[in-house]
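A.B. asks: need coordinates for the following:
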Amino acid sequence: MKKKVCKRCKLFVEGDTCPICKESSFVTTWQGRINIIDAQKSEIAKKAGYEKDGEYAIKVRT
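C.D. replies: Residues are numbered from 1 along each chain as shown. Just a heads-up that it's a prediction; the model follows:
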């Protein structure tokens, strides 16, 4: 079973709401993933717009 991803911020979520944006709209059609360990120091996180640590999908199909 594929993991579900928040449509808005692309964070992988296990519960019923996204901890970042508090939305409850998810998709299971995504491609690629990236782990952000330290968003404050990561150049990739800054360029991609990720402000919090976590596992993100690279592409989300809505």
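
A.B. asks: what helices and strands are in contact with the worst-scoring helix or strand of the chain on mean pLDDT?
C.D. replies: Within the chain, no helix or strand scores below helix 43-48, which has a mean of 92 by mean pLDDT, DSSP states H and E. Under the contact criterion of 3 or more Cβ pairs under 8 Å, 6 or more residues apart in numbering; DSSP states H and E, helix 43-48 touches strand 30-36. C-betas here are computed from N, CA, C, even on glycine.

A.B. asks: okay, the one residue sitting closest to the centre of the chain: pLDDT?
C.D. replies: With distances taken as Cα atoms, centre = their mean, the residue of the chain nearest its centroid is residue 11 (1.8 Å). Reading off the confidence values, residue 11 has pLDDT 95.

A.B. asks: can you give me every residue that contacts it?
C.D. replies: For residue 11, the residues meeting the contact criterion (Cβ atoms under 8 Å, 6 or more residues apart in numbering) are 5, 18-20, 52, 54-56.

A.B. asks: need the max-distance pair from these.
C.D. replies: Farthest-apart pair in the contacts of residue 11 is 5 and 52; separation 14.5 Å (Cβ to Cβ).

A.B. asks: neighbour count for the two, which is higher?
C.D. replies: residue 5 (24 against 13; other Cβ atoms under 10 Å).

A.B. asks: wait, is the more buried one part of a helix?
C.D. replies: No. Residue 5: not assigned to a helix; according to DSSP: H, G, I helix; E, B strand; the rest coil it is strand.

A.B. asks: alright, calling it a day.
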